[in-house]
Every structure is written in structure tokens, then in C-alpha cells.
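1. sequence plus the predicted model coming up.
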Amino acid sequence: MDHYAIEVSGLGIRFRRNRLGRLSFKDLLAGRRRRTRPDQFWALRDVSFKVKPGESIGVVGRNGQGKSTLLKLVAGVLIADEGKVRVNGGVAPLIELTGGFVDDLSVRDNVYLTAGLHGMSRAVIDARFDDVIDFAEIRDFIDTPYKHLSSGMKVRVAFAVIAQLEEPILLVDEVLAVGDKVFRDKCYDRIAELLASGRTMFFVSHNEHDLRRFCTRGLYLDGGALVFDGPIDEVLERYNEGIEA
Amino acid sequence: MGGVTSTVIAQRDFHPLRRTQLARYRNSLWLLTRRDLKVRYSTSMLGYFWSILDPLIMAAIYWFVFTQVFERPARTEPYVVFLLAALLPWVWFNSAISDCTKAFLKDAKLVRSTMIPRSIWVTKLILHKGIEFLLSLPVLALFVIFTGAQVRWQIVYFLVAMGLQTVLMVGVGLIVAPLVVFFGDLERAFKLVLRFMFYASPVVYGTTNLPPQLHGWAALNPLSGIFELYRAAFFPNQVNLYDVVVAATISVILLVVGFWFFRASERQVLKDI
């Protein structure tokens, strides 16, 4: 039996610098052990860490240092070029929240669709549907096409759906910067509730206050490398020093 | 606190992994297919009629050109039935493959945020268009009744043809979808290829109408054997065993190559969309 919720070892992923960079069939099919070409860069390299169930980790770093990429690798929506990510149990990703929603379908259809794609069965969705709608405070618009909602409402529905997932691991990527203050507080309360029930959380944010509130441990990414892994307060201190330096 | 997590994991371990994976695949496939059908039918008033109007108009045009203007190809009476028996499957092939060129780009946000088996982005298109194909079959049935065409036992080949065509389309789709992500120009190129394929496949004519020296080439097009099977119920003399065997072989090869290519390119696709 494994004791870790997330195990990352020697993780690396590289991207092309510009999208028009020439890509040959040979590159495509040569597998993961091809050499780095000059027009490629490593967004992350040699990143290793382990997360125990119930831990809550804040990922810190400046823009473009690989925070979101790391989250996507853990979520399984990107595939690493080097190393391994092992995730024990399902993942509830709060990434590109409204991405799966279809403009022309009603709120109801969208809730069923998104929840279903994240692995909820129809019976479970039926049972939770009212909770989702109440949480999003959108009862009057259940049959409105999604495109007619305000952008705040859109995010509310999306968050409400993902927050209902039973998955043991929660990935949060700066999504909460949107929405009004009242709803944001509600989202934070919900996250705190999920944490209290033993979820493991992976949190990407620039907001020190949020990081300190939710996380016990921090990962500081710089230049695609994991430069510091420790208690969140120390990580934030290091990070702030790094910026001033 | 740790107890909650471990029970979740334990529950998962009890299930035979393969079955749950298959069930999840089916569930996601069906959800997305239903989504597409719903979007298609809820955003237009005529809804369903669009799926039969398109082949109907095409059939009317070719019927006019090839029975009223030019001389009809030999042994194709009644021509409307002859035409529709291959035209409806062609519409399935054409619409699904041209949608496959946009398989990843159209749903890019969803691909980037949901962890479902990536081949679903291709297979759901083939299923969606396949359902529209089935819904358009009453048109063929109506013309069979109107023209009094004889229906033979070979109608069972219709199912074989659908199976083969599915295999072929999944194979082609798995190759086309990643390629377009890497080389944007290919979207247009594939449109041209599809237009060429329409005339290179026995839709408005039958393989028996081709000059003998072209027959070898026609057989290499897997759609030849497949369309012959669709027509077998009404035109049993169209079926050529050699064509069918070649079609089946090429379809299976394309499916294997498709899966291999898709797996090999998946990593890069996810980075590029």
C-alpha cells in the first residue's frame, strides 16, 4: 500500500519556444528520450516531491516559472517528457473552470455534462443537483442558455460543480480571483470545509494571505526547478527575498 | 482524516480496473456525443431535417445530372436507390472526417481541463455522425418503397459495411486529428482530399462501371468495397469479394496505425493546443 497521495519524481516537460518552430515527423515519433533542440526549453525539470494524504500544498513562484504546468501534469492533462507523476485516487481540478461549458446549452445540461465528464454518475448528480444550484445561487436561471449568464454567474456554476466532486485530491489554479467578494468568501469556506474532511490540496496562488490560510507546506518554483520545499511561511519568506534581490 | 482518503482508494481497488475504465470511457463518450447532438438540434428550428435535407438535395442533383442529362451508368436501376445507398454512408464519412480535422481545436479548453481518454475526441465525432447517418436511413427506405426496388437477404451486409466503415473512420480520424494540430494547413488539404475521394469512390457510379484497367486502383480505396456492401441488398451484382477483402484489410491496418500514431503524438498534442 502506498502512503502518498501524490508522488512526483524527476519530473520534466519541455515546450517549443514558438509555435511555428519546425516540427518534423522524426521529432514526433522519436519518443521521450530525444535530445533537446535549440528551439525548445524546459518548463520544468528535475522536480521531485511527495505529498501525504490530507496535506495542503501551496505552489509559489513568479509568472511563467511552471506553476500551472506542474498542476496540469498532476491533473493528467499534460504528459511529462521525463520522470513520473503518480496520483493515488481521483483528482478534482479547478483549472480552466468554465472551459467545459457549452454556450448553447442550458445551465442544467451543462451541470450534468461537466459533472459527468469528471466521473460523477447520473444518480449522484441527480442527488446533488439542488446543492450545486443553491451554492451557485442560480435557481432562477436553470433553463437559461449558459451564454446568457453574466461572467460571475458562469464561474459560480463551474465552481459549484467541481466543489461537489468526491475526489480525494483538489487542484486549485488561481481561479478564485474572479467573482464578487461574497462568493469568493463562500468558495474559500467550501475549500476549508473540504480540507477539514481530509482532502489533499494543491494550490497555486499569488495571494500570500490565501496561501497562509490554506497551506501548511509550500513549493517554490523558479526557472522550472523546485528551489525550495518546506513550511509555507519559510517558502513565502524565500520567495519575497527572491523578488527583492 | 486519513481514513476518508484511504476508503476512497480502497473502494476503487475493489473494482476490476479494466471494467471501470471501459465504463468510464463509454460514459464520457456518450455524454459528449449527446452534447453534440443536443447542440446541433437545439440551435436550429429545422433540427433533424437538416440531417436529411443535405443528402436529399445532393441526391436530387446527381439524379438529375446522371439520369436526365447524361446517360445513367449501366445496371443501376432504380438509380435513386443506387445513389442513396452509397451517398448516405458517404455523408457520414465526409462529415465525420472533416470534423476530425477540428477535433482538438474546437474543444481545446475541455481537452486542457478534463482527464478523459483522449481518443474520445475522435470517436465521439464518428458516433455522433453515425447516429445522424442512422437517422437519415428512413429516406433510403422511403425511396425503396416508392420505386418498388427489390430487397434481398444481402441486406445483412449493410451491418457489415457499417462495422467496416467505423473501423476505417476511427483509424483515419486518429491520424487526421493530431496532424492538424501540428500542421494547421492540413485542415484545408484534407478538405480537398475529401472532395477528390467523393469522385474516386463509387457513389455516383458503381465499380462495375469503371474501365477494367482502373479496377485495381479502385479496389485500393477501402470505400469501394464498403459501398458495394451497402448496395448489396438492392444490387447484389455490385459486390466483388476481392474489393471487400482489400477494404477490410486496409481498414484494419489503418486502425492499428491510427492507434499507434495517436499514442505517439498525444504528448505533443496536449502541449500544442
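-> Received the coordinates, thanks. Numbers count the residues shown, from 1 in each chain, chains lettered A, B, ... in the order given.

2. where do the helices sit along chain A?
-> A:25-29, A:67-75, A:107-117, A:122-136, A:151-162, A:181-196, A:208-214, A:232-244 (DSSP state H).

3. which elements pack onto the second one?
-> If I follow you right, that is helix A:67-75. strand A:6-16, strand A:40-51, strand A:56-60, strand A:82-87, strand A:91-94, strand A:169-173, strand A:200-204, strand A:217-222 (3 or more CB pairs under 8 Å, 6 or more residues apart in numbering or on different chains; DSSP states H and E). (Glycine included, C-beta is placed from N, CA and C.)

4. next, format these as CSV and append distance to chain B and mean neighbour count.
-> Below are the helices and strands packed on helix A:67-75 laid out as CSV (distance: least, CB to the nearest CB, whole Å; neighbours: other CB atoms under 10 Å in any protein chain shown):
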stretch, distance to chain B, mean neighbour count
strand A:6-16, 6, 19
strand A:40-51, 9, 18
strand A:56-60, 12, 25
strand A:82-87, 10, 17
strand A:91-94, 6, 25
strand A:169-173, 9, 23
strand A:200-204, 7, 25
strand A:217-222, 16, 21
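
5. I'd say A:R190 and A:Q164 touch.
-> No: checked against CB atoms under 8 Å, the pair A:R190 and A:Q164 is beyond contact range at 9.6 Å.

6. higher neighbour count, those two?
-> Neighbour totals were compared for A:R190 and A:Q164, and A:Q164 leads with 21 against 15 (other CB atoms under 10 Å in any protein chain shown).

7. residues shared between the contacts of A:R190 and A:Q164?
-> Overlap of the contact sets of A:R190 and A:Q164 (by CB atoms under 8 Å, 6 or more residues apart in numbering or on different chains) is empty.

8. how about the contacts made by A:K186?
-> Taking CB under 8 Å, 6+ apart as the test, what A:K186 contacts is A:F135.

9. then B:A248?
-> B:164, B:222, B:225.

10. can you tell me the element the closest residue to B:V91 other than its chain neighbours falls in?
-> Closest residue in space to B:V91, ignoring its immediate chain neighbours: B:P55 at 5.1 Å, by CB to CB, 6 or more residues apart in numbering or on different chains. Using DSSP states H and E, B:P55 sits in helix B:48-63.

11. in chain A, which residue sits nearest chain B?
-> A:G99 (3.2 Å; CB to the nearest CB).

12. element containing the nearest residue to that residue once chain neighbours are set aside, please.
-> Using CB to CB, 6+ apart and skipping the chain neighbours, the partner closest in space to A:G99 is B:K109 (3.2 Å). Per DSSP H and E: B:K109 is located in helix B:108-113.

13. please export the C-alpha coordinates of that helix as PDB.
-> The C-alpha trace of helix B:108-113 is given here as PDB (Å, rounded to 0.1, in the frame of the first residue of the first chain):
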ATOM      1  CA  ALA B 108      -9.400  22.800 -26.700                       C
ATOM      2  CA  LYS B 109     -10.400  24.200 -23.400                       C
ATOM      3  CA  LEU B 110     -12.100  21.000 -22.400                       C
ATOM      4  CA  VAL B 111      -9.200  18.900 -23.600                       C
ATOM      5  CA  ARG B 112      -6.900  21.000 -21.400                       C
ATOM      6  CA  SER B 113      -9.000  20.700 -18.300                       C
END
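
14. near chain A, anything from the helix or strand just after it?
-> Moving toward the C-terminus from helix B:108-113, the next helix or strand (DSSP H and E) is helix B:120-147. No: counting by CB under 8 Å from any CB of the partner chain, chain A is not contacted by helix B:120-147; separation bottoms out at 9.6 Å.

15. count the residues that sit near the closest residue to chain A within the stretch 101-250 of chain B.
-> For the stretch 101-250 of chain B and chain A, the shortest gap (CB to the nearest CB) falls at B:K109, measuring 3.2 Å. For B:K109, the count of nearby residues is 15 (other CB under 10 Å).
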